[in-house]
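Asker: Structure for this input, please:
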Amino acid sequence: MVVLLFGTGLLLTWTTRFVQVRHLGRSIRLVLRGAVHKADSDQPLEGDITPYQALMTALSATVGNGNIAGVATAIAAGGPGAAFWMWITAIFGMATKYSEAVLAILYRQQMEDGTMAGGPMYYCRDGIPQKQLGKFLGGMFAICGAATALIGTGNMFQSQSMALAVREQFGAPPWLTGLLISILVGLVILGGIRRIGAVAERLVPTMILFYFGGALLVILTHIDKVPQALWLIVSSAFSPQAAMGGAVGIGIQQAIRFGVARGILSNESGLGSAAIAHGAARTRNPVAQGGIAMMGTFIDTIIVCTLTALTITLSEAYKSATFMVEGIGLSGADLTVTAFNTGMPESVSGWGGTIVVCSSLVFGFTTLIGWSYYGQICMEFLFGVKVVRPYRISFVILLFLGALLTGHYAPIITNLGDICNASMAFPNLIALILLSGHVARVTREDKG
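Answerer: Numbering: from 1, shown residues only. The predicted structure follows:
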């Protein structure tokens, strides 16, 4: 998967002539314009939500507990250098995310209930010239996407991380956390993509700024150590044992493996999931939507994940991590809670964990509503719109069960999430490679 992900990102970066660099300024302007509700056209366009709402919906599913617990897990398992490989994954992942959104707009279709549906299953089936291969890859993606939404990182991992964070900070039982979030998520997802988009548009920017403020306070408290922390992250990416004193048995393979795995979990570039949200956008310009989409990877990993990695490194909380030794130390959301509590100024140290817990709850909530939509579109592709209601009920039930799987059950959910992510990414990456020429041609012909 590492080779396939990097290889696809490199290929798409080359064929689009470094679109993540050339179109970065334009993409930022499009996002800012959408944030103040300035439309490019007064004419009615096909789609269910605005391009900006599509980005916020994708970010609602992307900026989640992968940014809190996922980064911490990566550092616990692969050392601080894992954060460096998350950055590398994100840089090339921006071209991957761009290509996914371009293809999602090109090959989306209208469903029986009038809503728009797009994503890898559609551009696999309708875009790949080898029709049998396209149908197989499309069906495989839909099955794996539905599994990820029901039992993987899009559902049970989020509720588990939320329950752990609340228990660590407030001592609340996991079943109570699970029950509350199950009720709240159920109320939102019953309204479909329009309600999800409306909630995400308001909640996602707020939650990112809130977490940013807390992390920034930790960073400013240790501002003199920031260069040293950045050097530790970079140096331990290539020599983790030397950086960690040679006592924890972490090798470069572990740093890369967990950095890339948690990077995918966090920014989802290559999974194809965000393409489902962008496929519902009201736009005629696939290149513009692709530029908006790639900003999701930039915001998620280059900004939010870096904040978490710096707080864990600056506070030296990583020295309390498990480092692959089961049952000793901290390894997930609890590690980030410790980092914020110990990294804050003494006068407000008790608030650090509260910020993480509140962020975990909101991040997890938005991820759950975003992924509920992804799974729904996958199920509709397989079985039609009649499956929507039973799917939503199943999603909420499994969400509650995920909150109960704590303690020694926790690694099961994390590993299951990795398996589901890889299973989704495989057919999507093959489709992106086969359709890379099409993406490059559309990018060259864009007049925007």
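Asker: Kindly provide the distance from Gly127 to Ile105.
Answerer: Using C-beta to C-beta, to the nearest Å, we find Gly127 at a distance of 12 Å from Ile105. The C-beta positions use only the backbone N, C-alpha and C, and glycine is treated the same way.
Asker: now stretch 381-390: mean pLDDT?
Answerer: The predicted model assigns stretch 381-390 a mean pLDDT of 91.
Asker: in that stretch, what's buried?
Answerer: Burial within stretch 381-390, assessed by neighbour count using 16 or more other C-beta atoms under 10 Å, is assigned to Phe381, Val387, Val388.
Asker: Now do the contacts for the second one.
Answerer: Which is Val387. By C-beta atoms under 8 Å, 6 or more residues apart in numbering, the residues touching Val387 are Met379, Glu380.
Asker: ok so it is a helix residue?
Answerer: Yes - counting by DSSP: H, G, I helix; E, B strand; the rest coil, Val387 falls inside a helix.
Asker: So which residues make contact with the host helix or strand of Thr336?
Answerer: For Thr336, the element it lies in under DSSP states H and E is helix 333-343. The contact list for helix 333-343 (C-beta under 8 Å, 6+ apart) reads 65, 68-69, 71-72, 75-76, 161, 164-165, 168-169, 214-215, 218, 221-222, 308, 311-312, 314-318, 320-321, 330, 349-350, 352-353, 355-357, 360.
Asker: Helix 333-343 and the helix or strand following that helix, what's the angle between them?
Answerer: With elements assigned by DSSP H and E, the helix or strand that comes after helix 333-343 is helix 350-383. Taking axes from the mean of the first three to the mean of the last three C-alpha atoms, to 10 degrees, one finds that helix 350-383 is oriented at 150 degrees with respect to helix 333-343.
Asker: okay if I get the buried residues of stretch 381-390 as CSV plus distance to Arg441?
Answerer: Listed next are the buried residues of stretch 381-390 as CSV, based on distance: C-beta to C-beta, whole Å:
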residue, distance to Arg441
Phe381, 26
Val387, 36
Val388, 36
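Asker: can you tell me which of those residues lies nearest to Gly290?
Answerer: Of all the buried residues of stretch 381-390, the one with the least separation from Gly290 (C-beta to C-beta) is Phe381, at 21.6 Å.
Asker: The closest one against Tyr123, yeah?
Answerer: No - contact criterion C-beta atoms under 8 Å: Phe381 and Tyr123 do not qualify, at 11.8 Å.
Asker: how many neighbours does Asn415 have?
Answerer: 10 (other C-beta atoms under 10 Å).
Asker: Leu368 reaches Gln160, doesn't it?
Answerer: No - contact between Leu368 and Gln160 fails when scored by C-beta under 8 Å: they sit 11.7 Å apart.
Asker: which residues in the stretch 51-200 of the chain form strands?
Answerer: Taking DSSP state E, counting those that start in this stretch as the criterion, the stretch 51-200 of the chain contains strands spanning 109-110, 116-117.
Asker: How about residues contacting the first one?
Answerer: To tie it back to what came earlier, the one meant is strand 109-110. For strand 109-110, contacts defined as C-beta under 8 Å, 6+ apart pick out Glu46, Met116, Ala117, Gly118, Tyr122.
Asker: for stretch 87-96, same thing?
Answerer: The contact list for stretch 87-96, computed with C-beta under 8 Å, 6+ apart, reads 5-6, 8-10, 12-13, 16, 18-20, 259-260, 263-264, 267, 269-270, 294, 297-298, 300-302, 305-306, 432.
Asker: give me that answer again for 7 Å
Answerer: Contacts to stretch 87-96, defined as C-beta atoms under 7 Å, 6 or more residues apart in numbering, come from residues 5-6, 8-10, 12-13, 16, 19-20, 259-260, 263-264, 267, 269-270, 294, 297-298, 301-302, 432.
Asker: List only buried entries from those residues.
Answerer: Applying 16+ other C-beta under 10 Å to the contacts of stretch 87-96 flags 5-6, 8-9, 12-13, 16, 19-20, 259-260, 263-264, 267, 269-270, 294, 297-298, 301, 432 as buried.
Asker: got the contacts of strand 109-110 as TSV, with distance to Ala101 and neighbour count columns?
Answerer: What follows is the contacts of strand 109-110, written out as TSV (distance: C-beta to C-beta, whole Å; neighbours: other C-beta atoms under 10 Å):
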residue	distance to Ala101	neighbour count
Glu46	15	13
Met116	13	20
Ala117	14	23
Gly118	9	25
Tyr122	13	25
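Asker: May I see the residues you listed arranged in CSV, with pLDDT and distance to Leu55 as well?
Answerer: Listed next are the contacts of strand 109-110 as CSV, based on pLDDT from 0 to 100; distance: C-beta to C-beta, whole Å:
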residue, pLDDT, distance to Leu55
Glu46, 68, 18
Met116, 84, 16
Ala117, 86, 18
Gly118, 90, 14
Tyr122, 95, 20
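Asker: farthest pair in these?
Answerer: Longest span within the contacts of strand 109-110, C-beta to C-beta: Glu46 and Tyr122, 14.2 Å.
Asker: Quick check: His71 vs Thr308, distance?
Answerer: Just to correct that, residue 71 is Val rather than His. For Val71, the distance to Thr308 equals 4 Å [C-beta to C-beta].
Asker: where does the stretch 201-350 of the chain dip in pLDDT?
Answerer: 240-251, 262, 264-266, 320-333, 347, 349-350 (pLDDT under 70).
Asker: what about 50?
Answerer: 242-243, 245-249, 323-330 (pLDDT under 50).
Asker: before we move on, the earlier item: who has more neighbours, Gly127 and Ile105?
Answerer: Ile105 (29 against 18).
Asker: coming back round to it: of the contacts of helix 333-343, grab the buried ones for ChimeraX.
Answerer: The ChimeraX command for the buried members of the contacts of helix 333-343 (criterion: 16+ other C-beta under 10 Å) is given here:
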select :65,68,69,71,72,75,76,161,164,165,168,169,214,215,218,221,222,308,311,312,314,315,317,318,320,321,330,352,353,355,356,357,360
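Asker: Inside helices: which ones of the contacts of helix 333-343?
Answerer: 71-72, 75-76, 161, 164-165, 168-169, 214-215, 218, 221, 308, 311-312, 314, 350, 352-353, 355-357, 360 (DSSP state H).
Asker: Quick one, grab the pLDDT at the residue most central in space within the chain.
Answerer: Geometric centre of the chain, nearest residue: Thr62, 2.7 Å, by C-alpha atoms, centre = their mean. Per-residue pLDDT puts Thr62 at 74.
Asker: which parts of stretch 390-407 are buried?
Answerer: 391-392, 394-396, 398-400, 402-406.
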